[in-house]
Each structure stands twice: as structure tokens, then as C-alpha cells.
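>>> Only the shape, not the letters, is given here:
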């Protein structure tokens, strides 16, 4: 799949812009702060309703505007679709496909599929567990869009259960019995999230192994082996895959820690407390990997994501946002070699010299919010 045209109205720094794209590599070249990342962020947001830069919609709307509109013409083999998203902070966003309103904006997720690699990805290795959970959840939704609803349900249950925990310890048996109901909801929805994450890691592991060995070519043999291990908040989940079994393990642990949760007023059990241990050789990457190894591992995770989505039957749109300046010559060449045959690769860079020759195709200059196609 690939995007053939992008239109933005009041998105980020752009009052209005229209760009004709195409398959193969597309490069946006411009100094920092000129608006090139805004272009690829819009495409990624159209696919996932998630930004790699901010956690809320408000910064996506140009200062002084009430709303932003992102339109993308998507081509998949001989079929074309116009995707449109209207972003209105403080209100419900709206989505359309070929001019037809979607019942829920999240129904837009997964029609286009993207994999984005950016400098922020170093947090996958060096950051908090929440960074790795977000990576997993983004990927499970890209692979199985219906899980966006499951994850939204889990987050809603978690918020409501936490609210009840803050007061239930001082209230009547009625509140405690109500908490039993929320325990069951948390366990059932949480089990689906955990099962999907585990299945994802099973699929990613071989691709991450191959990608890391390639990217880290030249390293000692014991430093070219990586592993991705899910670290659940409930030890009994280790080795489980069936959602019913996981739900039972979650519910048992919730019951065991009920008193502690009431005392602290917060949910201590569930996928919101889980992590992924990324290891290089025999040691965890966080705290032990060098800066270069951390970059290689983050890159391997994104390359593995791309390969896994490709295995599902269709190339995702690959976005490389300002990453080449962070990579040495060897890592640049390995990255370019692995993705040069992707159906569409969108690249941003401050200077053209940072972009490998294999990824210089159709190019645009970006300066002060003006996008100009090169001859």
C-alpha cells in the first residue's frame, strides 16, 4: 500500500498544503523546525490515531484554528480509498472513507498501516515500561484493528476501578461488591490485551533476531543475540497463551492483593503494570547496552515490526523520521538495504547527504511550512 496524495488543513504548522506522492522512496528535506516531520506525522496519525510526538490532539491543530483536517488517498493494488480525519480538541473527532462517515473514529485504524522509526525510539530500550507497552499496543492494533476497542475498554475499566478503589475502603459492602464486578471486567479485558501482546512478541522475536544480527554485523557473536521477554505483573501468567487461563490468573492475583489495592487506592494487577525485557546476549539492554547497541536494538524492533506486518500480506508504509543523522555509516547502509524494496518509504532529513542513495527517490524541499517538489 502507499499514499498517493496528502492534504492538510490547519494541521500543526500548515494552514493548507497538498502533496502528490507515489510508491517507492519519498524524501522530505529541510532544516529542523521547518515542518517536515509534521507531514509524516499526519500520515501516521491517519493510520493509527496516535502521534509519536504528543499524547493529546490539541498540539495537532494549528494555533488559532478550531480544528484540523487530514486527508490521504491510499492505493492498495488496484483499489483506491480517500481517508479523512477531522481533529477537534475537546470534542469527538470524525472520520470518513470515500466521503462516507464512519460510525466510530477508531474504525479508521488499520485501513492504512504504518511503521514509524524516529529518534524517540531510543526510549524503547532506555525508557520506562510505559514506552514499551505503548509500542506493543500500537502494533497489536495495527495487526488487529478490533483490539483498539478492547484496549479502550480496558483503559475505561481501569479508570473506573481506580476511582472506586480510592473510596471503597471507607465505604459500605455495596461498594465492595461493586468492586467484584469491576475485578471481573478488568481480568477479562486485560487477558485479551496480554494474550495479544504475547502473540505479538512470539511473531516479532525471529524478525528481531534476524534484523539485529544484520544491523549489528561486526559485533562479537555473543553481542549479536537479542531476546524479547514479556514480564507480566502476575508471575503465574508466564507460559500461558489462552485468554481464559490468563483471565483466571489475573483474577486470582487481584483477589490476593485486594487489601493492598484498597490501602493504596490503585489497581496493582493487569497489563498496565507489565513490561518487556529486551536483552542483548545474557544481559538486559536497559542499563547494560552501549548507545550504539541501544540504537541497533531500537532499529531492529522497527524492522521486525515492518517484516511482521509484511508477512500479514501487505507492505505497510514505512516512515523514517530524521533518524539517519543518529546512525553511523554502517547502520545507515544496513537500514537502507533492508527497506529499499518497500512499497513506500517516507524519509525526513535535515540535509540530503544524510539519506542513503537507495532512499533518494521523489524529493521535496520543506522550508517555513512551504513544500516544494524537486525536479
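Okay, I see it. Bear in mind the structure is a predicted one, so any value in this text is a computation, not a measurement. Residues are numbered from 1 along each chain as shown.
>>> what's near enough to touch residue 6?
Under the criterion of C-beta atoms under 8 Å, 6 or more residues apart in numbering, the contact list for residue 6 reads 17-19, 21, 39, 42-43, 70-73. Backbone N, C-alpha and C define where each C-beta goes, glycine included.
>>> hmm, I was thinking of residue 324
Neighbours of residue 324 in contact, by C-beta under 8 Å, 6+ apart: 332, 335, 347, 349, 354-356.
>>> can you check residue 278 too?
Listed by C-beta under 8 Å, 6+ apart, the contact set of residue 278 reads 124-125, 132, 226-228, 284-286, 297, 301.
>>> Quick check: it is in a helix.
No: checked against DSSP: H, G, I helix; E, B strand; the rest coil, residue 278 lies outside a helix; its state is strand.
>>> What's opposite it in the beta bridge?
Here residue 278 shows beta-bridge partners residue 228, assigned using DSSP bridges.
>>> Quick check, pLDDT for it.
Residue 278 is assigned a predicted lDDT (pLDDT) of 97.
>>> just the strands in the stretch 101-250 of the chain please.
Using DSSP state E, counting those that start in this stretch, the strands of the stretch 101-250 of the chain run over 114-117, 226-231.
>>> Tell me which of those approaches residue 145 most closely.
Among the strands of the stretch 101-250 of the chain, the nearest to residue 145 by C-beta to C-beta is strand 114-117 (13.0 Å).
>>> helices or strands next to the closest one in the packing?
helix 36-48, helix 291-311, strand 317-321 (3 or more C-beta pairs under 8 Å, 6 or more residues apart in numbering; DSSP states H and E).
>>> how many neighbours does residue 23 have?
Residue 23: 17 surrounding residues under other C-beta atoms under 10 Å.
>>> quick one: which of the contacts of residue 278 is nearest to residue 328?
residue 297 (14.7 Å).
>>> Assess the claim that that closest one and residue 280 are in contact.
Yes: contact criterion C-beta atoms under 8 Å: residue 297 and residue 280 qualify, at 6.5 Å.
>>> List the beta-bridge partners for the closest residue to residue 361 other than its chain neighbours.
Distance criterion C-beta to C-beta, 6 or more residues apart in numbering; nearest residue to residue 361, sequence neighbours excluded, is residue 25 at 3.6 Å. With DSSP bridges as the criterion, residue 25 is bridged to residue 345.
>>> Deepest-packed of the strands of the stretch 101-250 of the chain, please.
Of all these, strand 114-117 has the most neighbours on average by mean count of other C-beta atoms under 10 Å, namely a mean of 25.
>>> Run through who's touching the helix or strand bottoming out on mean pLDDT in the chain.
Taking mean pLDDT, DSSP states H and E as the measure, the chain has helix 329-339 as its least confident helix or strand, at a mean of 85. Helix 329-339 is contacted by residues 211, 214-215, 217-218, 292, 295-296, 299, 303, 306, 318, 320, 323-324, 327, 345, 356-359 when judged by C-beta under 8 Å, 6+ apart.
>>> Now the buried members of those residues.
Buried members of the contacts of helix 329-339, scored by 16 or more other C-beta atoms under 10 Å, are 211, 214-215, 295-296, 299, 303, 306, 318, 320, 323-324, 327, 345, 356, 358-359.
>>> residues shared between the contacts of residue 297 and residue 280?
Common contacts of residue 297 and residue 280 (C-beta under 8 Å, 6+ apart): 212, 226, 289.
>>> Look up how far residue 198 lies from the second one.
In this view, residue 226 and residue 198 are 18 Å apart by C-beta to C-beta, to the nearest Å.
>>> if we can go back for a sec, dump the contacts of residue 278 into CSV; add pLDDT as well.
Output for the contacts of residue 278, formatted as CSV (pLDDT from 0 to 100):
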residue, pLDDT
124, 95
125, 96
132, 97
226, 94
227, 95
228, 97
284, 94
285, 94
286, 94
297, 94
301, 96
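>>> Could you give me the ChimeraX syntax to select whichever of these are buried?
Restricted to buried positions by 16+ other C-beta under 10 Å, the ChimeraX selection for the contacts of residue 278 reads:
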select :124,125,132,226,227,228,285,286,297,301
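>>> Quick check: residue 71 is in a strand.
Yes: checked against three-state DSSP, residue 71 lies within a strand.
>>> what's near enough to touch the closest residue in space to it that isn't next to it in sequence?
Counting by C-beta to C-beta, 6+ apart, residue 7 is the residue found nearest to residue 71 once chain neighbours are left out, at 4.1 Å. Residues near residue 7 by C-beta under 8 Å, 6+ apart: 17-19, 69-72.
>>> Tell me the secondary structure at residue 7.
When classified by three-state DSSP, residue 7 comes out as strand.
>>> ok, what's across the strand from it?
Bridge pairing for residue 7 (DSSP bridges) gives the partners residue 18, residue 71.
>>> who does the longest helix seen in the chain touch, helix- and strand-wise?
As assigned by DSSP state H, the longest helix anywhere in the chain is helix 173-215. If you count contacts as 3+ C-beta pairs under 8 Å, 6+ apart, helix 173-215 packs onto helix 129-143, helix 147-168, strand 226-231, helix 243-256, helix 291-311, helix 329-339.
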